[in-house]
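S.K.: Can you look at this prediction? I've put the sequence above it.
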Amino acid sequence: KNEVEQSPQNLTAQEGEFITINCSYSVGISALHWLQQHPGGGIVSLFMLSSGKKKHGRLIATINIQEKHSSLHITASHPRDSAVYICAVRWRGGADGLTFGKGTHLIIQP
Amino acid sequence: KAGVTQTPRYLIKTRGQQVTLSCSPISGHRSVSWYQQTPGQGLQFLFEYFSETQRNKGNFPGRFSGRQFSNSRSEMNVSTLELGDSALYLCASSLGLAGGNNEQFFGPGTRLTVL
């Protein structure tokens, strides 16, 4: 079964720290998504990657296709970054929709 | 531009009943995907519709069905509800097929509780 694994599951950090969340997947993909979910359920799409690196504000996402690995970085973290971050992939062939990791629950303390 | 809307936002049903959830995509988006989120299983793909046709389907029983209308609005139906169907149901829209690596925009979800 094709799988997506995220680490860590839970992360508590102090305001201002540099945060890294990792995502590994088992077979070839056509795209990888990073999503953010706040309490209450709403999901926001942060990045969609098929190669390289993308940056938006304090968020940076990278992907290494050969290693089957992606990272989401948050620079100068802030309490408002507290949320669940979810990695999702579309397997090459794309017949099964997105497959999601279990998420990383991030808490940034002031 | 209005975002993805889902109705109702909250729903309580009893076992054996059926339920219909609605999703209105962003104007101009032709693809709607549905997902189920539970504490135990996390997010799981249900199905994807594009131009009124189901294009992909996840690993869910036939009690879960859906359709898409000519205006791209979509409904999903769950018949013979079970306790395990209690979940947050999310829909997401995109310009083209999600398999074409189009960015997906999520709605706020419908929280279904089955008693």
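M.R.: The structure has been received and is ready for your questions.

S.K.: Quick check: neighbours of the helix or strand of chain A with the lowest mean pLDDT in the sheet, parallel or antiparallel?
M.R.: Counting by mean pLDDT, DSSP states H and E, chain A has its least confident helix or strand at strand A:98-100, which shows a mean of 90. Strand A:98-100 pairs in its sheet with strand A:83-91 (antiparallel), by DSSP bridges.

S.K.: So which residues make contact with the partner strand?
M.R.: With CB atoms under 8 Å, 6 or more residues apart in numbering or on different chains as the test, strand A:83-91 has contacts from A:2, A:4, A:6, A:21, A:23, A:25, A:27-39, A:43, A:46, A:70, A:72, A:97-101, A:103-106, B:43, B:98-99, B:101. For glycine as for every other residue, the C-beta is placed from the backbone atoms N, C-alpha and C.

S.K.: Please state the offset of that strand from the chain centre?
M.R.: On the basis of CA atoms, centre = their mean, to the nearest Å, strand A:83-91 sits 5 Å off its chain's mean C-alpha point.

S.K.: Quick one: mean pLDDT for that strand?
M.R.: Mean pLDDT, computed over strand A:83-91, is 94.

S.K.: mind saving the C-alpha coords of it as PDB?
M.R.: C-alpha atoms of strand A:83-91 as PDB (Å, rounded to 0.1, in the frame of the first residue of the first chain):
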ATOM      1  CA  ALA A  83      -2.000  24.500  13.500                       C
ATOM      2  CA  VAL A  84      -1.900  21.000  12.000                       C
ATOM      3  CA  TYR A  85       0.300  20.700   8.900                       C
ATOM      4  CA  ILE A  86      -0.600  18.000   6.500                       C
ATOM      5  CA  CYS A  87       1.400  16.600   3.600                       C
ATOM      6  CA  ALA A  88      -0.600  15.000   0.700                       C
ATOM      7  CA  VAL A  89       0.600  13.400  -2.500                       C
ATOM      8  CA  ARG A  90      -0.900  12.400  -5.800                       C
ATOM      9  CA  TRP A  91       0.700   9.200  -6.900                       C
END
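
S.K.: Tell me if the helix or strand of chain B with the lowest mean pLDDT is near chain A.
M.R.: Using mean pLDDT, DSSP H and E, the weakest-scoring helix or strand in chain B turns out to be strand B:53-57, at a mean of 89. Yes: shown here: strand B:53-57 in contact with chain A (CB under 8 Å from any CB of the partner chain) through B:Asn56.

S.K.: Tell me which residues are up against the next helix or strand after that strand.
M.R.: Next along the chain after strand B:53-57, taking DSSP states H and E as the criterion, comes strand B:64-68. Strand B:64-68 is contacted from outside by B:32, B:34, B:46-47, B:49-54, B:74-79, using CB under 8 Å, 6+ apart.

S.K.: before we move on, the earlier item: how about the least confident helix or strand of chain B as CSV, C-alpha atoms only?
M.R.: Only the C-alpha atoms of strand B:53-57 are listed here, as CSV (Å, rounded to 0.1, in the frame of the first residue of the first chain):
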residue,chain,number,x,y,z
THR,B,53,-18.5,12.7,-14.4
GLN,B,54,-16.9,10.8,-11.5
ARG,B,55,-13.3,10.6,-12.5
ASN,B,56,-11.7,8.9,-9.4
LYS,B,57,-13.1,7.0,-6.4
